[in-house]
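**Student:** I'll drop the sequence and a predicted model, then ask my questions.
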Amino acid sequence: MAEKKSFVLRVSAEMLKELEGWANDEFRSINGQIEYLLSQALNERKKAQRKRRADK
């Protein structure tokens, strides 16, 4: 497993409340939910980059 790094993330109280609800719905911790969402976003970005390269 890759080494994990810690950092401070500041979000509004409203956003945190939404993330808490979403995480609970998917049986994840808030940290786990944020990590999942970031992974999804990075995977989508990689797909888009590969597609752009293939379209050239």
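**Tutor:** Received, thanks.

**Student:** the helices in this protein, which residues?
**Tutor:** Applying DSSP state H to the chain gives helices spanning 13-25, 30-55.

**Student:** Could you give the separation of the longest one from the chain centroid?
**Tutor:** Okay, so that is helix 30-55. Relative to the mean C-alpha coordinate of its chain, helix 30-55 is positioned 9 Å out (C-alpha atoms, centre = their mean, to the nearest Å).

**Student:** ok so, going back, which among the helices of the chain is found nearest to residue 7?
**Tutor:** helix 30-55 (11.2 Å; C-beta to C-beta). Just so you know, the C-beta spots here come from the backbone N, C-alpha and C atoms, and that holds for glycine as well.

**Student:** tell me what the closest one is packed against?
**Tutor:** helix 13-25 (3 or more C-beta pairs under 8 Å, 6 or more residues apart in numbering; DSSP states H and E).

**Student:** Could you list the residues in contact with the helix it packs on?
**Tutor:** Contact with helix 13-25 is made by 11, 29-30, 32-34, as judged by C-beta atoms under 8 Å, 6 or more residues apart in numbering.

**Student:** what about 7 Å?
**Tutor:** If you take C-beta atoms under 7 Å, 6 or more residues apart in numbering as the criterion, helix 13-25 is touched by 29-30, 32-34.

**Student:** thinking again about what came up before, redo the helices of the chain as TSV? Include mean neighbour count, distance to residue 2 and mean pLDDT.
**Tutor:** Below are the helices of the chain laid out as TSV (neighbours: other C-beta atoms under 10 Å; distance: least, C-beta to C-beta, whole Å; pLDDT from 0 to 100):
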stretch	mean neighbour count	distance to residue 2	mean pLDDT
helix 13-25	12	21	97
helix 30-55	11	11	94
